[in-house]
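S.K.: predicted coordinates and the sequence they were generated for:
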Amino acid sequence: MKIVVPVKRVIDFNVRVRVKPDQTGVEFANVKMSMNPFDEIAVEEAVRLKEAGKADEVIAVSVGVKKAEDTLRTALAMGADKAILIEATDDVETDIEPLAVAKLLKAVVEAEDAGLVICGKQAIDNDVNGTGQMLAALLGWSQGTFANTLKVEDGKAEVTREVDGGLQIVSVKLPAVITTDLRLNEPRYASLPNIMKAKKKPLEVKSASDFGVDVTPRLSVVSVNEPPARKAGVIVGSPAELADKLKNEAGVL
Amino acid sequence: MAVLVFAEHDGKVLSEAVAKTVTAATQMGGPVHVLISGTGAGDVAGEAAAIAGVEKVLTAEDAGYDHALAEPLGDLIVGLAGDYDHIVLAASTTGKNVGPRVAALLDVMIVADIIGVESADTFVRPIYAGNAIQTVKSSDAKKVVTVRTTAFEAAGEQAAVGIESHGATAAGGLSEWLDDRFAQSERPELTSARIVVSGGRALGSADNFKLVEQLADKLGAAIGASRAAVDAGYAPNDWQVGQTGKIVAPDLYIAVGISGAIQHLAGMTGSKVIVAIDKDEEAPIFKVADYGLVADLFEAVPALIEALDD
Ligand SMILES: Cc1cc2nc3c(=O)[nH]c(=O)nc-3n(C[C@H](O)[C@H](O)[C@H](O)COP(=O)(O)OP(=O)(O)OC[C@H]3O[C@@H](n4cnc5c(N)ncnc54)[C@H](O)[C@@H]3O)c2cc1C
Ligand SMILES: Nc1ncnc2c1ncn2[C@@H]1O[C@H](COP(=O)(O)O)[C@@H](O)[C@H]1O
């Protein structure tokens, strides 16, 4: 079985993101970019399935700018076997919408005859949390989202999901799309020898038009603004003073 | 055309998110219909019928819709979509699971996690963990939207409107529910609680986390946690507050031993009053706190519990 793992290049989670003064988007200049953290978890899970003999090949796919090759090399260094970059835009600032990404991924899944997709639950840039579900819909597959534990068995997968009430355990029929939550695993760091080896692994570059997918956005960005700022308040001297302020000043107790 | 709101329930009561989702739906224009599915849908339909602004309630009372599995629910909603311009769900784990599936089946883009409705096709949503607020205009014929319910007031009450039974049956086969591991609790629900007390990595163990629970119980509060506390096993996953956990906006939020990483702030800066207890005066949480106490939590929290008694 082949596993497709979509990986997105995003602003690193440690970066303090700033809105551009002209309100068209956020600042990308000289900003550190990394693999979306949930996608690292997805790569790790796929590689573990291969190591356990449950998969034959792990294919990392990224839709984005040329630079997303770096993200794909990271996936290869973590243990993916091959990578596909779908260059869908040459404007770094323009995000390709999850719906278009899902259509491109569908084409890759079909071309590769993959039996499982493991993607992140959420890209930490647009915070959409939708691509995996959309891909499952387009393929007519089952979906196991927000996975905390994944057990791949014959023809199905048991997924423990992180949901609002706690944990929900479902059995999904394969082929399926799984999306990762934070507790699924702890991704490995790529070792130096593996980083070297990754340079020789295959990385194909395609374009959206190769797949005949229209990537025109359905949502146009009207503006991007700063969130309302909160001001720091006062530092109190003791627990007793805190209790007093809460009871007599804050008006919340 | 009308707006369809998908309503969650546990078989006995309607989710508190529904009345807030209806508020958002009302702002999109058109009459609001509410869809309730699964066993017990008929029992809770009356509650939905009495939410102000609702014109009609549809029930699809088939056990195949229980546990809100995305595949049958997606088909159910898509089957009804012809009559609606907007399909609206709460941005709960269920809404996030089902909404995008519905959107893709209709070949439209999901408008996720909105905090504002500008017009029928223009919505406001946070991106980058709330570091930026995006206004987007949808060119899709139908809009599938998930709503961050903390951003909307609950709709009021009205004389109950009509309830119609929709005779759909769920097709099984793609996925199957096996079990829920839900802890029963007498505490208020985290995302709608008036007071939330959250603990972080500093608690150091599940046993020490009880200190947070004691403060919460003293205040009749819900309990939250940072990712670090959940990852370490001090608190269950459903207590995680933040960018990738739950969004809360209580009247009072007390952060205990939480540094205030941007991913955590994303989930709680909508709170009215924020209190932070941390021993590091440089901790970023103090930048958003109305009241900060620089102290060792193991001394400060018991003392606070005592002082609240006086
Ligand atoms: C993809 C991604 C998603 C994430 N999503 C979330 C999310 O949804 N929610 C979330 O919370 N985090 C999230 N995080 C993690 C986030 O970046 C931080 O790592 C996390 O919030 C830190 O938790 P913490 O504040 O408990 O721990 P720390 O940052 O370690 O802070 C502990 C604090 O306790 C204080 N302390 C220590 N001992 C004491 C004591 N005895 N008394 C008083 N104070 C003490 C310290 O001074 C420190 O300020 C995410 C990260 C990533 C990469
Ligand atoms: N441009 C992209 N390239 C590759 N994978 C993506 C892309 N966008 C989204 N994904 C995948 O879909 C997941 C969810 O993203 P989103 O729906 O945008 O929050 C991510 O964690 C990735 O696994």
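M.R.: Yep, it's here. Ligands and ions are numbered 1, 2, ... in the order given.
S.K.: number of residues surrounding the closest residue to ligand 2 within the stretch 51-200 of chain B?
M.R.: Using CB to the nearest ligand atom, the single residue of the stretch 51-200 of chain B nearest to ligand 2 is residue B:100, 7.3 Å away. For every residue, glycine as well, the C-beta is placed using N, CA and C. As a burial measure, residue B:100 scores 33 neighbours (other CB atoms under 10 Å in any protein chain shown).
S.K.: mind checking the SS state of it?
M.R.: helix (DSSP: H, G, I helix; E, B strand; the rest coil).
S.K.: now the helices for chain B?
M.R.: B:17-26, B:41-49, B:70-80, B:93-105, B:210-219, B:227-231, B:262-265, B:297-309 (DSSP state H).
S.K.: tell me which of the ones you listed is the most buried.
M.R.: Stretch with highest mean neighbour count among those: helix B:93-105 (a mean of 28; mean count of other CB atoms under 10 Å in any protein chain shown).
S.K.: which residues touch residue A:61?
M.R.: A:4, A:5, A:6, A:7, A:83, A:84, A:85, A:86, A:105, A:108 (CB atoms under 8 Å, 6 or more residues apart in numbering or on different chains).
S.K.: in a strand, the fifth one, correct?
M.R.: This points to residue A:83. Yes: under three-state DSSP, residue A:83 falls within a strand.
S.K.: for it, give its distance to ligand 2.
M.R.: Distance of residue A:83 to ligand 2, computed by CB to the nearest ligand atom, to the nearest Å: 11 Å.
S.K.: which residues of chain B lie near ligand 1?
M.R.: Proximity of chain B to ligand 1, by CB under 6 Å from any ligand atom, involves residues B:200-202, B:226-229, B:240-245, B:257-259, B:261, B:263-264, B:267, B:278-280, B:283, B:296-298.
S.K.: weed out the non-buried ones from the residues you listed.
M.R.: When burial is judged by neighbour count using 16 or more other CB atoms under 10 Å in any protein chain shown, the buried members of those are B:200-202, B:226-229, B:240-245, B:257-259, B:261, B:263-264, B:267, B:278, B:283, B:297.
S.K.: of the residues you listed, which ones also sit close to ligand 2?
M.R.: Filtered for proximity to ligand 2 (CB under 6 Å from any ligand atom), those leave an empty set.
S.K.: and those residues near chain A, which?
M.R.: B:227, B:243, B:244, B:263 (CB under 8 Å from any CB of the partner chain).
S.K.: pull the most distant pair out of the residues you listed.
M.R.: Spatially, the most separated pair among those is B:227 and B:243, at 9.1 Å (CB to CB).
S.K.: spit out the residues that contact the two alike.
M.R.: Common neighbours of residue B:227 and residue B:243 (CB under 8 Å, 6+ apart) are B:263, B:264.
S.K.: follow-up on the earlier one: next step: the residues of chain B next to ligand 1 restricted to strands.
M.R.: Secondary structure from DSSP state E places residue B:278 of those in strands.
S.K.: show me where chain A has its strands.
M.R.: Taking DSSP E as the criterion, chain A carries its strands at A:2-6, A:9-11, A:33-35, A:57-64, A:82-87, A:116-120, A:142-153, A:156-163, A:166-173, A:176-180, A:203-207, A:219-225, A:234-236.
S.K.: my read: residue B:35 touches residue B:9, true?
M.R.: No: counting by CB atoms under 8 Å, residue B:35 sits too far from residue B:9 to count as a contact (11.2 Å).
S.K.: those two: which has the busier surroundings?
M.R.: residue B:35 (24 against 21).
S.K.: dump the residue contacts of the closest residue to ligand 2 within the stretch 101-250 of chain A.
M.R.: Closest to ligand 2 within the stretch 101-250 of chain A is residue A:120: 2.2 Å, counting by CB to the nearest ligand atom. Taking CB under 8 Å, 6+ apart as the criterion, residue A:120 is in contact with A:6, A:7, A:8, A:36, A:37, A:38, A:39, A:41, A:42, A:132, A:179, A:180.
S.K.: then residue B:109?
M.R.: A:97, A:98, A:99, A:217, A:218, A:219, B:103, B:138, B:140.
S.K.: coming back round to it: neighbours of the spatially closest residue to the residue of the stretch 101-250 of chain A closest to ligand 2 that is not a sequence neighbour, just the number please.
M.R.: With CB to CB, 6 or more residues apart in numbering or on different chains as the criterion, residue A:120 has its nearest non-adjacent residue at 2.8 Å, and that residue is residue A:38. Neighbourhood size, residue A:38 [other CB under 10 Å]: 26.
S.K.: so which residue is dead centre in chain B?
M.R.: residue B:92 (4.6 Å; CA atoms, centre = their mean).
S.K.: is it true that it touches residue B:8?
M.R.: Yes: at 6.5 Å, residue B:92 counts as touching residue B:8 under the criterion of CB under 8 Å.
S.K.: between those two, which contacts overlap?
M.R.: B:15, B:17.
S.K.: residues contacting the residue in chain A that ligand 1 sits nearest to?
M.R.: In chain A, the residue that lies nearest ligand 1 is residue A:37 (3.6 Å; CB to the nearest ligand atom). Residues near residue A:37 by CB under 8 Å, 6+ apart: A:13, A:120, A:124.
S.K.: if you set the cut-off to 10 Å instead, what comes out?
M.R.: For residue A:37, the contact set (CB atoms under 10 Å, 6 or more residues apart in numbering or on different chains) comprises A:10, A:12, A:13, A:120, A:122, A:123, A:124, A:180, A:182, A:187, B:244, B:263.
S.K.: farthest pair in those?
M.R.: A:12 and A:180 (18.3 Å).
S.K.: out of the two, which sits in the busier spot?
M.R.: residue A:180 (31 against 15).
S.K.: that one against residue A:48, yeah?
M.R.: No: contact status for residue A:180 versus residue A:48: not in contact, 11.9 Å apart, counting by CB atoms under 10 Å.
S.K.: common neighbours of these two, please.
M.R.: residue A:150.
S.K.: what bridges to the residue nearest the centre of chain A?
M.R.: In chain A, the residue lying closest to the centroid (CA atoms, centre = their mean) is residue A:120, at 3.5 Å. On the basis of DSSP bridges, residue A:120 is bridged to residue A:180.
S.K.: quick one: it from residue A:62, how far?
M.R.: 12 Å (CB to CB, to the nearest Å).
S.K.: mutual contacts of those two, please.
M.R.: A:5, A:6, A:7, A:8, A:35, A:36, A:39.
S.K.: also near ligand 2: which of those, exactly?
M.R.: Answer for the shared contacts of residue A:120 and residue A:62 near ligand 2 (CB under 6 Å from any ligand atom): A:6, A:7, A:8, A:36, A:39.
S.K.: okay, and for chain A, where does confidence drop off?
M.R.: Of all residues in chain A, those with pLDDT under 70 make up the ranges A:89-94.
S.K.: could you redo the last one with a cut-off of 80?
M.R.: A:89-95 (pLDDT under 80).
S.K.: residues from it in reach of ligand 2?
M.R.: Checking chain A against ligand 2 by CB under 6 Å from any ligand atom, the hits are A:6-8, A:36, A:38-39, A:42, A:61-64, A:96, A:98, A:101, A:119-120, A:122-123, A:126, A:128-132.
S.K.: list buried residues within those.
M.R.: Buried among the residues of chain A next to ligand 2 by 16+ other CB under 10 Å: A:6-8, A:36, A:38-39, A:42, A:61-64, A:96, A:98, A:101, A:119-120, A:122-123, A:126, A:128-132.
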